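Trainee: task: produce atomic coordinates for the following.
(chains A and B)
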Amino acid sequence: MRTEHDASTAIDAYLQQHETKSLLRFITCGSVDDGKSTLLGRLLYDSKLLFDDQLAALKGDSLRHGTQNGELDFALLVDGLSAEREQGITIDVAYRFFSTERRKFIVADCPGHEQYTRNMATGASTADLAVVLVDARKGLLTQTRRHTYICALLGIRHVLLAVNKMDLIDYSEDVFRSIEADYRELADSMGIAQVSAVPLSALRGENVSSRSDRIGWYDGPSLLERLETVQVAHVVDDVGFRLPVQWVCRPDQNFRGYAGHVVAGCIAPGDEVVVLPSGARSRVARIVTADGDLPRASLGDAITLTLTDERDISRGDVIVAAAQPPQVADQFAAHLLWMGEAPLLPGRSYWLKIGTRTVSAQVTEIKHKVDVNTQEPLAAKRLELNEVGYCNLSLDHAIAFESYEHCREMGAFILIDRQSNNTVAAGTLNFALRRADNIHWQHMDVDRMARARIKGQAPACLWFTGLSGSGKSTVANLVEKRLHALGYHTYMLDGDNVRHGLNRDLGFTAEDRVENIRRVAEVAKLMVEAGLIVLVSFISPFRSERRMARELFAEGEFKEVFVDTPLAICEQRDVKGLYAKARAGEIKNFTGIDSPYEQPEHSEVHLETAGRSVDALAQQVVEALIGHT
Amino acid sequence: MQGVVGVPSQLPHMDKSAGHYANGTTPTRIRTDINGSNMTNIDALAYTSHLKQLESESIHILREVAAEFRNPVMMYSIGKDSSVLLHLLQKAFYPAQPPIPLLHVDTTWKFREMIAFRDRRAQEAGCRLIVHINQDGVAQGIGPFSHGATVHTDVMKTQALKQALDKYQFDAAIGGARRDEEKSRAKERVFSFRNAQHRWDPKSQRPELWNLYNARIAKGESVRVFPLSNWTELDIWLYIYREKIEVPALYLAAERPVVERDGALIMVDDERMPLRPGEIPQMRKVRFRTLGCYPLTGAIESEADTLPAVIQEMLVARTSERQGRVIDHDPSASMEKKKQEGYF
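Mentor: Coordinates of the predicted model:
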């Protein structure tokens, strides 16, 4: 039993030491051939963190794929995907773990290629520090600038500049000093206050984990020593307690708790809190955890709160210190890093997830985009993959927030495409727009119900969508005629006609098509509020815009009418001669030819026109709206 | 540097007055470092223990899954990582019962001890336990001895898992994989998207920023969730020790009947194991670093018969835990390939 006792004493001591060790999360980034993976592999190797079987696999891989003439190729340790090994590049961020006597480390090894910038951002978003590699022979490159910019954008305030391949420039101090000076100037301009530089050779292991004699003029610590001792300055603001509610815990009638992660401040039973955005007030009754109630909880704790009063609180609400509440707003200025394959189009509606809350959001304006390589501001109407833009955002619900630099968890968000469900942007909130406070809804005594009542009808929007030449306007015309004859108050918004007036400043690019639909949908909404039955006849090729239109209306008010005529028939008819011109290349972005038409999936009325008379089609629509006549 | 824009602190037109705090104050900035004295305001993460931080992150992930998915499930494979997951699941929803059921894909070749342990632990935790066996595979008599490790694993594990996910229409499956286990895992997201065919596309993973996990999927698609992504093997053991989590005794050294086969020590767990000429089971003091199908799980000789002793052995270990898995001894990228095909 003596050995067991010894072992558990030793483990207790180890645990104690382990628990007091701090954790540093950092990323390695830099240009493609600067040797990031080699450096990281070397750190793992030197920290004696490789197991025998991993070393054996590395030796085998080095012979097969290696670039070091059969010598150990450390880069192969970290490039894990087969595509990466084949191409000798890093595609996605890899997470590595090591620890020393002094610290634990989680390293995100980030890809260098511009096309994988979004993967780099994934790594940088959770890092405290960045190790930026520079090839001593090349100095700062475009990628160095881009990566530093992305780091700054995501709030990394400390950089270790690793000037690599010193062995290839005879360990020249002059070269090192000049690269260091260049980089300090760059970092300074982006607001990265803390930079320390280390000259090293990853391949030879010089100044990586131990100091090198060959670089006698450098008397600073090695890279690993620097990582172990660097004081990562946490810029933290004196924001009060913040708990975004993740989950409402209700095991029985007697218990109602709000589970979440404390993202700022601290809390104790008895403290007064406010629930946002509702503004309900209460006090903390208990801080519940599986390990017993806590007298106090602070940043990083996963807890469940109970309150002294019954309040209506659900996931997405934020429980905050009553004395220091955050702002609540629905319009923001924000930075966006676009990560979608399809471009960002202003006016299109996306899901926005911030904390535990998901709302619908639109970019109302791109103020400018930023050239991530030169940081120059450029005018832009859209954002492409890996571009950064400074934008105005409009949300369909007000949210509690902090600016990203004050509190990451209350200011960071992602945008999700509503069709593909892909994560298409990372964003950081800067501040609320004044507009959110100043535009108020004018209260009206005569409301939509009153207006509809006097007309004796239920207002509605009939949204006809389909290819050019599918027969939308013809059918819509006849529907309006029938409704009119039956005594209904109607109005017709026709795509071609509106483009002569309200929308004459818009062309046919994807951005302009989105704006075209947005304006028409808003006008249709006003008319529905006036009590009318509005017939809208627009190609409206994109699902997301039709959805945007739909969401402006109350449940059941919006009826999508899909005029389903095969492209071949539309083209054969070609009433306006447009298909011929599009085929000849005289018209660009023509729906069905060189611009897509996304078919409706759940339209209320589906008109399959082939072989049917206009009469029958119109009757189908009228019946869908008001029943049999 | 002219025209530097886009970095928050540098914005010339930053208009803080637009936002206001309800009590009329503006936030004060406090800059301090790890040795700073302003304890209440600095980033407390640096002060909490590493394990506590990992625990807290994992609980956050589990709650996100419960809140955002319609029909999530936790893959329970009975091993140490599953034991930690189950423990975290209980903590995350305390005092409520975990709202997520457990799924065990039983290949019918697990160590007998594991099955007994599974049934008892699920009951103690108050979790619904779903056991799925690929009955087609059973009907065909698929097994590791008759068909080899690759076919057996594919049919009884990978295909069986897909069957279970399809049968119960789970839209999220929580697993205990860690990024330190293997090179392709080091690249995988916490919320790892699978298409309707359960395939993973490593070349176009969804970006995953901060702790904002994207749980949106279309019908038929699913997400694999790995709450232990940032844990190392050592973290797992230290946490088991600190939290007194029960794990199967197979992890502790004991005298067990084993044969040496193709360089691995295989335990003769039942009569289904055909012995090759010259093979005589010997009692040796061994333990297991991972648990799976007994014919495919190599034991290591060890004297560590207590948890502290196992951890102590770990600290001086020179081989990584996956070495015990017969399945990984294919070419190096084999795990990535299996994962693309739907292997957990």
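Trainee: up against chain A, what does the stretch 51-200 of chain B have?
Mentor: B:51-53, B:55-56, B:59-60, B:63-64, B:66-67, B:90-97, B:179-180, B:182-187, B:189 (Cβ under 8 Å from any Cβ of the partner chain). Glycine gets a C-beta too; all of them are placed from N, C-alpha and C.
Trainee: quick one, phi psi at residue 255?
Mentor: With no chain named, the answer covers chain A. Backbone geometry at A:Phe255, expressed as degrees, to the nearest 10, gives phi -130, psi 130.
Trainee: oops, I was thinking of chain B
Mentor: Dihedral angles (degrees, to the nearest 10) for B:Glu255: phi -70, psi 120.
Trainee: so A:Arg118 is in contact with A:Val388, correct?
Mentor: No. In this structure A:Arg118 lies outside contact range of A:Val388 using Cβ atoms under 8 Å: 11.3 Å.
Trainee: next, show the common contact partners of the two.
Mentor: Both A:Arg118 and A:Val388 are contacted by A:Leu337, under the criterion Cβ atoms under 8 Å, 6 or more residues apart in numbering or on different chains.
Trainee: list only those of the residues of the stretch 51-200 of chain B next to chain A flagged as buried.
Mentor: Among those, those scoring as buried are B:51-53, B:55-56, B:59-60, B:63-64, B:66-67, B:90-94, B:96, B:179-180, B:182-187, B:189 (criterion: 16 or more other Cβ atoms under 10 Å in any protein chain shown).
Trainee: show me the shaky parts of the stretch 1-150 of chain A.
Mentor: The model of the stretch 1-150 of chain A has pLDDT under 70 over residues A:1-5, A:7, A:18-20, A:32, A:47-54, A:65-71, A:75-90.
Trainee: should've said chain A
Mentor: Those would be A:1-5, A:7, A:18-20, A:32, A:47-54, A:65-71, A:75-90, A:233-237, A:434-445, A:628-629, if you go by pLDDT under 70 across chain A.
Trainee: look up the closest residue to A:Arg357, ignoring the ones flanking it.
Mentor: Nearest residue to A:Arg357, sequence neighbours excluded (Cβ to Cβ, 6 or more residues apart in numbering or on different chains): A:Gly316, at 3.5 Å.
Trainee: got a list of what that neighbour touches?
Mentor: Here A:Gly316 is in contact with A:Pro244, A:Val245, A:Gly355, A:Thr356, A:Arg357, A:Thr358 (criterion: Cβ under 8 Å, 6+ apart).
Trainee: residues near the third one, how many?
Mentor: So that's A:Gly355. Residues near A:Gly355, counting by other Cβ atoms under 10 Å in any protein chain shown, number 28.
Trainee: then the fifth one?
Mentor: A count of nearby residues for A:Arg357, using other Cβ under 10 Å, gives 21.
Trainee: nearest spatial neighbour of residue 109, skipping sequence neighbours?
Mentor: In the absence of a named chain, this looks at chain A. That would be A:Ala94: by Cβ to Cβ, 6+ apart, it lies 4.6 Å from A:Asp109.
Trainee: wait, chain B
Mentor: B:Cys293 (3.9 Å).
Trainee: need the pLDDT of that neighbour.
Mentor: Model confidence at B:Cys293, given as pLDDT, is 92.
Trainee: and the gap between it and chain A?
Mentor: Distance, B:Cys293 to chain A, by Cβ to the nearest Cβ, to the nearest Å: 20 Å.
Trainee: cool, and B:Arg118?
Mentor: For B:Arg118 relative to chain A (Cβ to the nearest Cβ), the value is 22 Å.
Trainee: indicate the residue of the stretch 451-600 of chain A located nearest to chain B.
Mentor: Closest to chain B within the stretch 451-600 of chain A is A:Arg543: 12.9 Å, counting by Cβ to the nearest Cβ.
Trainee: just give the number of residues close to A:Arg519.
Mentor: Other residues within reach of A:Arg519, judged by other Cβ under 10 Å, total 15.
Trainee: ah, wrong one, I meant A:Val614
Mentor: 14.
Trainee: wait, it sits on A:Val475?
Mentor: Yes. Applying Cβ under 8 Å, one finds A:Val614 in contact with A:Val475, separated by 6.0 Å.
Trainee: residues contacting A:Ala458?
Mentor: With contact taken as Cβ under 8 Å, 6+ apart, A:Ala458 is in contact with A:Ala452.
Trainee: quick one: it from A:Val479, how far?
Mentor: Here A:Ala458 is placed at a distance of 16 Å from A:Val479 (Cβ to Cβ, to the nearest Å).
Trainee: what's the answer for A:Ile106, then?
Mentor: Noted for A:Ile106: a distance of 62 Å to A:Val479, by Cβ to Cβ.
Trainee: please say which of those two ends up with more neighbours.
Mentor: When A:Ile106 and A:Val479 are compared on other Cβ under 10 Å, the one with more neighbours turns out to be A:Val479, at 27 against 23.
Trainee: any chance of the backbone angles for the residue of chain B found nearest chain A?
Mentor: Relative to chain A, the nearest point of chain B is B:Lys183 (3.1 Å; Cβ to the nearest Cβ). When read as degrees, to the nearest 10, the backbone of B:Lys183 gives phi -60, psi -40.
Trainee: distance check, it against A:Val93.
Mentor: As judged by Cβ to Cβ, B:Lys183 and A:Val93 stand 13 Å apart.
Trainee: A:Leu223 now?
Mentor: Taken as Cβ to Cβ, the span from A:Leu223 to A:Val93 is 20 Å.
Trainee: what of A:Thr28?
Mentor: Taken as Cβ to Cβ, the span from A:Thr28 to A:Val93 is 10 Å.
Trainee: cool, and A:Gln253?
Mentor: For A:Gln253, the distance to A:Val93 - Cβ to Cβ - is 46 Å.
Trainee: quick one: which of those two has more around it?
Mentor: Higher neighbour count among A:Gln253 and A:Val93: A:Val93, with 27 against 6, using other Cβ under 10 Å.
Trainee: chain neighbours aside, what residue packs nearest to the more buried one?
Mentor: That would be A:Gly123: by Cβ to Cβ, 6+ apart, it lies 3.9 Å from A:Val93.
Trainee: contacting residues around the one you found?
Mentor: A:Ile27, A:Cys29, A:Val93, A:Ala108, A:Asp109, A:Cys110.
Trainee: does it belong to a helix, a strand or coil?
Mentor: Three-state assignment for A:Gly123 (DSSP: H, G, I helix; E, B strand; the rest coil): helix.
Trainee: before we move on, the earlier item: restricted to helices, list the residues of the stretch 51-200 of chain B next to chain A.
Mentor: Residues of those located in helices (DSSP state H): B:51-53, B:55-56, B:59-60, B:63-64, B:66-67, B:90-93.
Trainee: of the residues you listed, which pair is most distant in space?
Mentor: B:Leu51 and B:Ala67 (24.6 Å; Cβ to Cβ).
Trainee: which parts of the helix or strand containing A:Tyr45 are buried?
Mentor: Using DSSP states H and E, A:Tyr45 sits in helix A:36-46. Using 16+ other Cβ under 10 Å as the test for burial, helix A:36-46 gives A:Lys36, A:Ser37, A:Thr38, A:Leu39, A:Leu40, A:Gly41, A:Arg42, A:Leu43, A:Leu44, A:Tyr45, A:Asp46.
Trainee: quick one: list the elements packing against the helix or strand harbouring A:Arg513.
Mentor: Using DSSP H and E, the element containing A:Arg513 is helix A:510-529. Secondary-structure packing of helix A:510-529 (3 or more Cβ pairs under 8 Å, 6 or more residues apart in numbering or on different chains; DSSP states H and E): helix A:448-455, strand A:460-465, strand A:490-494, helix A:495-500, strand A:533-537, helix A:543-551.
Trainee: including mean neighbour count, could these go into CSV?
Mentor: Output for those, formatted as CSV (neighbours: other Cβ atoms under 10 Å in any protein chain shown):
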stretch, mean neighbour count
helix A:448-455, 14
strand A:460-465, 27
strand A:490-494, 18
helix A:495-500, 15
strand A:533-537, 27
helix A:543-551, 19
